[in-house]
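Asks: Quick one: sequence plus predicted model below, questions after.
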Amino acid sequence: MDDGFKTETFLRGPKLEDFEYLGCKVGQGTYGQVYKARRKDIPDDRSYALKEIESQGFSLSTCRETSLLRELKHPNVINLLGVILCHTDRKVLLLLDYAEYDLCQMIKFHKTSKKDKKPVKMAKGTIKSILYQILEGIQYIHSSGVLHRDLKPANILIMGEGIQRGRVKIADFGFSRLFRNPLKPLTEVDNVVVTLWYRAPELLLGDKHYTTAIDMWSVGCIFAELLTYEPIFSCRQENNRENSPYHHDQLDSIFRVMGFPLETDWEDMKEMPEYITLQEEFKPCNYSNNTLVKYMEKQNINPTSKDVAFLQKLLVMDPNKRITSEQALKDAIFQKEPFPTGDVFSGLEIPYPERKFVESDTSDRRGKKRKYSTTSGAQQSDQTQGQYGKQIRMSNPTTLSE
Ligand SMILES: Cc1ccc(-n2nc(C(C)(C)C)cc2NC(=O)NCCCN2CCOCC2)cc1
């Protein structure tokens with residue numbers, strides 16, 4: 001911890017008594033509670049998120065998160081405004097942008113309205129602006145030598161009223177980054193089930209040299225869900241071999257939409273660690289009529305639309321052929337009306353309910369009660385040789401800040 005950080009945090013930084021909590025916690029992170037707060041020491045009508053780190057002092061995860069957030073500064077990435085130490089109970093709190101909305105909650109709003117026969121569609125301009133800002137944020141994260149590894153709707157936050165109205169903030173509530181026993185499978189962390197819906201096929205086949213392409217697959221899953229309000233590769237939780245990246249049911253869910261990849265589609269597939277298991281457990285002919293275009297048509301999305309054409313560039317099975325964030329941002333889809341806007345709501349009224357306060361959770365985090373999260377995390381790996389030849393550093397600030 002450099003001297004500048006110590007001064008900024010312990011001497012000049014904000015103090016806990018400078019804030020008043022607005023109600024109870026707004027969310028239960030994987031390893032900490034998040035509160036909505038406001039400053040009471042200075043005239044400031046902004047809301048803040050105070051994320052309480054559930055550990056005594058600076059755990060490795062806290063160091064990772066703090067270092068990473070100090071280093072990554074971009075309009076579309078969650079912003080660390082300060083670190084607050086609470087001496088009384090030796091708690092560490094991260095002071096962050098408070099984001100009123102998240103994509104999970106927004107998609108659920110539209111899905112429910114459709115089910116209730118009072119459909120409220122997400123405006124095309126909103127979808128395009130959200131997608132564009134996700135790509136801008138992820139392009140910055142990748143250019144900083146970091147992989148997100150856990151992109152999903154719940155990690156895509158959107159600012160409410162104020163100077164950053166309608167701005168996307170990429171966050172990470174933290175499963176894939178928790179410092180944890182690497183031998184422990186990432187399908188269950190801290191007794192909370194991890195879903196795999198946004199996990200790239202190469203990860204499910206055990207690829208240890210994964211690249212930024214894994215995040216582009218997740219962006220494709222999120223884009224498909226913005227168009228249909230349904231997770232494109234949803235699948236029930238399965239028990240699989242301890243510590244194995246291979247998940248049969250999740251792969252089946254992908255093949256049911258995309259079809260089974262031909263050798264010509266993905267030459268390196270046979271190099272994947274779990275390729276033999278794949279051959280033993282799957283019959284390509286069972287998926288021969290499945291295509292993404294047919295799936296989208298079944299979802300009442302125009303199969304010849306530019307949206308579907310762009311989605312096909314994101315959801316490419318071969319990571320080497322999948323579009324990069326740089327290429328995606330230059331795609332023709334963003335050169336046509338409605339153009340992406342800084343406020344994804346384009347100044348219009350925001351129809352979404354404000355984030356609910358969560359009743360304080362009395363259950364023991366390691367208790368029997370399972371908590372479910374739509375988090376998919378990638379397998380832990382410290383360093384990986386990017387397939388683009390670039391050494392990609394995982395989000396391990398001790399490497400980043402070297
Ligand atoms: C161990 C660890 C855990 C998380 C991170 N991490 N990484 C990121 C990226 C997006 C820069 C990659 C963001 C965070 N932390 C975070 O979003 N924190 C959650 C923010 C909570 N929200 C703030 C806005 O209001 C709603 C709650 C790093 C390392």
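Replies: Looks like it arrived, so ask away. Numbering: from 1, shown residues only.
Asks: For residue 107, list the residues it contacts.
Replies: Applying C-beta atoms under 8 Å, 6 or more residues apart in numbering to residue 107 gives the contacts 122, 153, 225-226, 229. For the C-beta atoms, the positions are set from N, CA and C on the backbone; glycine is no exception.
Asks: Out of those residues, which two sit at the greatest distance?
Replies: 122 and 153 (12.1 Å; C-beta to C-beta).
Asks: Low-confidence regions, the stretch 251-400 of the chain specifically.
Replies: For the stretch 251-400 of the chain, the stretches with pLDDT under 70 are 357-400.
Asks: For it, which segments count as helices?
Replies: Taking DSSP state H, counting those that start in this stretch, the helices of the stretch 251-400 of the chain run over residues 275-281, 292-298, 306-314, 325-329, 397-400.
Asks: Okay, buried residues for the fourth one please.
Replies: For helix 325-329, the buried set under the neighbour-count rule, 16 or more other C-beta atoms under 10 Å, comprises 325, 328.
Asks: Got the phi and psi for residue 217?
Replies: Note on residue 217: its backbone torsions stand at phi -60, psi -50 [degrees, to the nearest 10].
Asks: For it, give me its contacts.
Replies: For residue 217, the contacting residues are 198-201, 314-315, 319, 322, by C-beta under 8 Å, 6+ apart.
Asks: Between residue 122 and residue 153, which is the more surrounded one?
Replies: Taking neighbours as other C-beta atoms under 10 Å, residue 122 and residue 153 compare with residue 153 leading, 22 against 17.
Asks: Nearest residue to the more buried one in space, please, no chain neighbours.
Replies: What sits nearest to residue 153 in space, not counting adjacent residues and going by C-beta to C-beta, 6 or more residues apart in numbering, is residue 103, at 3.7 Å.
Asks: Does residue 136 touch residue 329 like I think?
Replies: Yes. Using C-beta atoms under 8 Å, residue 136 is in contact with residue 329, at 6.7 Å.
Asks: circling back to that earlier point, any chance of the helices of the stretch 251-400 of the chain in CSV, with distance to residue 97 too?
Replies: Shown next, in CSV, are the helices of the stretch 251-400 of the chain (distance: least, C-beta to C-beta, whole Å):
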stretch, distance to residue 97
helix 275-281, 42
helix 292-298, 34
helix 306-314, 27
helix 325-329, 22
helix 397-400, 19
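Asks: Out of the ones you listed, which is closest to the ligand?
Replies: Nearest of those to the ligand, taken as C-beta to the nearest ligand atom: helix 397-400 at 7.9 Å.
Asks: and the angle from the helix or strand where residue 125 lies to helix 306-314?
Replies: Here residue 125 is covered by helix 124-143, with elements defined by DSSP states H and E. Orientation check (axes from the mean of the first three to the mean of the last three C-alpha atoms, to 10 degrees): helix 124-143 against helix 306-314 gives 20 degrees.
Asks: what's next to helix 124-143, contact-wise?
Replies: Residues contacting helix 124-143 (C-beta under 8 Å, 6+ apart): 72, 74-77, 103, 147-148, 151, 156, 158, 166-170, 212, 215-216, 219, 222-223, 226-227, 324-326, 328-329, 333-334, 338-346.
Asks: Run through the strands of the stretch 301-402 of the chain in chain order.
Replies: Ranges of strands in the stretch 301-402 of the chain, per DSSP state E, counting those that start in this stretch, are 371-373, 383-385, 391-393.
Asks: quick check, nearest of the contacts of residue 107 to the ligand?
Replies: Once C-beta to the nearest ligand atom is applied, the member of those that ends up nearest the ligand is residue 153, at 13.6 Å.
Asks: is it true that that closest one touches residue 222?
Replies: Yes. Under the criterion of C-beta under 8 Å, residue 153 makes contact with residue 222 at 6.0 Å.
Asks: Overlap in contacts, the two.
Replies: With C-beta under 8 Å, 6+ apart, residue 153 and residue 222 have common neighbours residue 103.
Asks: Quick check: buried residues in stretch 198-205?
Replies: 198-205.
Asks: Redo those residues as a markdown table? Include pLDDT, distance to the ligand and secondary structure.
Replies: A markdown table is the format used below for the buried residues of stretch 198-205 (pLDDT from 0 to 100; distance: C-beta to the nearest ligand atom, whole Å; DSSP: H, G, I helix; E, B strand; the rest coil):
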| residue | pLDDT | distance to the ligand | secondary structure |
| --- | --- | --- | --- |
| 198 | 98 | 14 | coil |
| 199 | 97 | 16 | coil |
| 200 | 98 | 17 | coil |
| 201 | 98 | 22 | helix |
| 202 | 98 | 20 | helix |
| 203 | 97 | 17 | helix |
| 204 | 97 | 21 | helix |
| 205 | 98 | 24 | coil |
